[in-house]
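> The following comprises the amino acid sequence and a computationally predicted model.
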Amino acid sequence: MKVESFGPEMCTATDASQSLTFGNSTAAKSPPIAVEDGERDGEELLVPPLNFAMVDNGVFRSGFPDSANFGFLKSLELRSIICLCPEPYPEANNEFLKANGIKLFQFGIDGSKEPFVNIPEETIREALKVLLDVRNHPLLIHCKRGKVW
């Protein structure tokens, strides 16, 4: 497993798949629509994470995904996830990333009830580099509840 560090407690990038392959297209398809149980006709129910939304073409945001959301996330054909939580990433999520060739960038930003959080400028710069690099798209940005972005 390849781990890149952008400085102490700022960011960790993890390539859980050992090798990433990027397609020729950088455009993301629209997210699938979750359907009610009776409408599935044998298909997997796709459950989006809490507060999921499309921010821009190839950029999504949400709360912390769990195993119930893995089918939905797989349908997005994500290349990267930006996690804003300071806690270690759960093993089940790491296994999902590895199995699907998704790269994890973790920026440990502590939550706050205050309207503004003091985030080091270098952390912001590194997060923006990841976000603006279309080779990382489509990508999901998430915090615990999906309210940061």
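Nice, I can see it. Just so we're clear, the structure is a prediction, and the values are computed from it rather than from any experiment.

> helix or strand right after the helix ranked longest in the chain?
When the chain is parsed with DSSP state H, its longest helix is helix 121-132. Helices and strands here follow DSSP states H and E; after helix 121-132, the next one along the chain is strand 139-142.

> Verify the contact between Leu50 and Arg61 for me.
No. Look at Leu50 against Arg61 with CB atoms under 8 Å: they stay out of range, at 10.6 Å. Glycine gets a C-beta too; all of them are placed from N, C-alpha and C.

> And these two? Which one has more around it.
The neighbour count for Leu50 versus Arg61, taken as other CB atoms under 10 Å, is higher for Arg61 (22 against 15).

> Distance check, that one against Glu126.
The spacing between Arg61 and Glu126, counted by CB to CB, to the nearest Å, is 18 Å.

> What of Phe64?
Taken as CB to CB, the span from Phe64 to Glu126 is 21 Å.

> What's opposite the residue nearest to Val59 when sequence neighbours are not counted in the beta bridge?
Nearest residue to Val59, sequence neighbours excluded (CB to CB, 6 or more residues apart in numbering): Leu139, at 6.1 Å. Bridge pairing for Leu139 (DSSP bridges) gives the partners Val59, Ser80.
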